[in-house]
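Engineer: Sequence and computational prediction follow.
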Amino acid sequence: MSEALLELKNISTRVNLGTKEEKTILQDINLKIMPGDFITLLGTNGAGKSTLLNVINGTLQPTSGQVLLQGRDLTGMSEVKRAKFIAQVFQDPKLGTAPRMTVAENLLLATKRGQRRGLRMRHLRGQMAAFKERVAQLPNGLEERLQTFVGDLSGGQRQTLSFLMATIQRPELLLLDEHTAALDPNTSRDLLQLTDDVVAQEKLTCIMITHQLKDALKYGNRLLVLNAGQVVLDVRDEAKQQLTEKEILRYFAD
Ligand SMILES: Nc1ncnc2c1ncn2[C@@H]1O[C@H](COP(=O)(O)OP(=O)(O)OP(=O)(O)O)[C@@H](O)[C@H]1O
């Protein structure tokens, strides 16, 4: 088997250590994510899905275990440094974009993701044509909004922009934390379709948290279910295609 892009080795996360509130959120997780895997991640509220993404993106250090990206040990590396390799889109359209900057300025910012260098607005003019071309392919009219302040966009436009910002500079790993959950059904469907297209075109490796069983079955090549901090189901390819919603629900048991 070829080498994993991301490997989680014996990851455990406990909070409030040494107090009555001590709690295990992730329990000895071992996972190999292969290059090009598009994983849909399911689990009941509180199963530990967001915590797992936080351990991968570096906002949370695990209590024990290691996070390896292409064999490189990321454990202990800051979130800012990991941003060079890992991009994330959150559920809240307000996260991930700067409201007092224009759409074009936000895109310029995204092209510098993970770099220390400051933002040079004079570089913007040279990039406008390329930005216009990128947003022209998007579903909800962002093309006409390049000079609009992001705070004035609709939630759907803002979330589409967040997705474009996360992928404009190809990340090694893309993390999506219920990124369409706050959108209306049509806008959500369009952004999921865009996600699927971009992941395929750019051959991205991606983990997408969702509560929609249909979407978890429809998208991706691999499906994981987390229950009480443990991976209780991990299926890929044909086994995933044959899975039904009813079967998945069995793994949601308390
Ligand atoms: N820093 C923390 N301190 C205490 N408890 C925490 C902390 N972070 C997470 N938790 C708890 O750990 C559990 C897992 O949380 P997490 O957000 O990872 O779940 P989730 O599977 O993403 O849930 P949801 O589907 O509701 O978003 C929850 O019970 C949560 O309250």
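Structural biologist: Yep, that arrived.

Engineer: Helix, strand or coil: sort out the spatially most central residue of the chain for me.
Structural biologist: Using C-alpha atoms, centre = their mean, the residue of the chain that lies closest to the mean C-alpha position is residue 175, 1.6 Å off. Secondary structure, DSSP: H, G, I helix; E, B strand; the rest coil: residue 175 is strand.

Engineer: Could I get the pLDDT score of it?
Structural biologist: Looking at residue 175, its pLDDT is 98.

Engineer: Tell me what angle the lengthiest helix in the chain forms with strand 173-177.
Structural biologist: Ordering each helix of the chain by length in residues (DSSP state H) puts helix 185-201 first. Put simply, helix 185-201 runs at 170 degrees to strand 173-177, going by axes from the mean of the first three to the mean of the last three C-alpha atoms, to 10 degrees.

Engineer: Run through who's touching the next helix or strand along the chain from helix 185-201.
Structural biologist: Where DSSP states H and E defines the elements, the next helix or strand beyond helix 185-201 is strand 206-209. The contact list for strand 206-209 (C-beta atoms under 8 Å, 6 or more residues apart in numbering) reads 33, 37-42, 49-50, 53, 56, 173-179, 195, 199, 219-220. (Each C-beta comes from the backbone N, C-alpha and C, glycine too.)

Engineer: Identify the residue nearest residue 96 in space, chain neighbours excluded?
Structural biologist: Spatially, and ignoring its direct neighbours in sequence, residue 96 is nearest to residue 162 (4.1 Å; C-beta to C-beta, 6 or more residues apart in numbering).

Engineer: again but with residue 206, I slipped
Structural biologist: In space, and not counting its chain neighbours, residue 206 is closest to residue 174: 4.3 Å by C-beta to C-beta, 6+ apart.
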